[in-house]
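Novice: How does the following fold in three dimensions:
(chains A and B)
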Amino acid sequence: AQSVTQLDSHVSVSEGTPVLLRCNYSSSYSPSLFWYVQHPNKGLQLLLKYTSAATLVKGINGFEAEFKKSETSFHLTKPSAHMSDAAEYFCVVRLSGGGADGLTFGKGTHLIIQP
Amino acid sequence: NAGVTQTPKFQVLKTGQSMTLQCAQDMNHNSMYWYRQDPGMGLRLIYYSASEGTTDKGEVPNGYNVSRLNKREFSLRLESAAPSQTSVYFCASIMGYSNQPQHFGDGTRLSIL
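Specialist: So this is what the prediction gives:
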């Protein structure tokens, strides 16, 4: 069985400071890992994905994430927060070659940007 | 570029009424999904369809039915709506058994009074 834990339900940072959103996973197989962002009243938009290539993955809007197998982590970072980054963020695990039900979502982290 | 289209965007129902949420994708994806999103719960899978002609239950299927009408369309039906089904519903699609990400619609906000 696989699971995803987003360690913080809410994160608050000041504009211009770094962002760290934490995600740990458990999976018996080689996972694919994704981060999605959801702005208010919108659907989920892909930020970045890890699929067993480079362990440091760069995404849209200046976000990046590092896959650390030894720590079973896939934390999302950004060097400098912008007001437009305020949103809900979801970490998602998918089994490599898994079937249609192989996706597991974290419960989300709400990112608040203070002016 | 349409992607995944959901209709309607908003709906208010009375308890006991029925309705169908529509979802269509134009990316020739094999697999389609219905999720519900509730505060603090993340996304929970209701039903999915791995391919045209097949459907399977997800984590929270009770009170719902689905139809994979063709490769493009996957509908979700509430036969007798209950207040506990007040939620935001998302449809998603993906190209089969791959490591590609899901594509999501913008959601249907459903209130049951």
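Novice: Only C-alpha atoms from now on, for both contacts and neighbour counts.
Specialist: OK.
Novice: sec struct for the spatially most distant residue from the centre of chain B, please.
Specialist: What lies farthest from the middle of chain B is residue B:99; by CA atoms, centre = their mean that is 21.0 Å. Of the three states, residue B:99 takes coil according to DSSP: H, G, I helix; E, B strand; the rest coil.
Novice: Around residue A:21, how many other residues sit close by?
Specialist: 23 (other CA atoms under 10 Å in any protein chain shown).
Novice: Could you pull out the buried residues of stretch A:50-69?
Specialist: A:50, A:51, A:57, A:58, A:59, A:63, A:64, A:65, A:66, A:67 (16 or more other CA atoms under 10 Å in any protein chain shown).
Novice: Give me the neighbour count for residue B:59.
Specialist: If you count neighbours by other CA under 10 Å, residue B:59 ends up with 11.
Novice: Can you tell me the closest non-neighbouring residue to residue 59?
Specialist: Defaulting to chain A. residue A:48 (4.5 Å; CA to CA, 6 or more residues apart in numbering or on different chains).
Novice: switch to chain B, that's the one I care about
Specialist: Closest to residue B:59 by CA to CA, 6+ apart is residue B:45, at 5.3 Å.
Novice: do the same with residue A:23
Specialist: residue A:6 (4.5 Å).
Novice: For beta bridges, what are the partners of the residue most central in space within chain A?
Specialist: Note on chain A: the residue nearest the mean C-alpha position is residue A:35, at 3.4 Å, using CA atoms, centre = their mean. Taking DSSP bridges as the rule, residue A:35 bridges to residue A:48, residue A:91.
Novice: who's in contact with it?
Specialist: Neighbouring residues of residue A:35 by CA atoms under 8 Å, 6 or more residues apart in numbering or on different chains: A:46, A:47, A:48, A:49, A:76, A:89, A:90, A:91, A:92.
Novice: go with 10 Å
Specialist: Under the criterion of CA atoms under 10 Å, 6 or more residues apart in numbering or on different chains, the neighbours of residue A:35 are A:23, A:44-50, A:59, A:63-65, A:74-76, A:89-93, A:105-106, B:101.
Novice: what's the neighbour count on residue 8?
Specialist: I'll assume chain A. Other residues close to residue A:8 by other CA under 10 Å number 15.
Novice: wait, I meant chain B there
Specialist: Neighbour count of residue B:8, defined by other CA under 10 Å: 14.
Novice: In this structure it contacts residue B:91, no?
Specialist: No: counting by CA atoms under 10 Å, residue B:8 does not reach residue B:91; the two are 11.9 Å apart.
Novice: what do the two both touch?
Specialist: Common neighbours of residue B:8 and residue B:91 (CA under 10 Å, 6+ apart) are B:21, B:22, B:23, B:107, B:108.
Novice: Please name the bridge partners of the third one.
Specialist: Right, the one you point to is residue B:23. residue B:6.
Novice: mind checking how far the residue nearest to residue B:59 is from residue B:11?
Specialist: Applying CA to CA, to the nearest Å, the value for residue B:45 to residue B:11 is 20 Å.
Novice: Pick out whichever of the two has more residues nearby.
Specialist: Applying other CA under 10 Å to residue B:45 and residue B:11 shows that residue B:45 carries more neighbours, namely 23 against 14.
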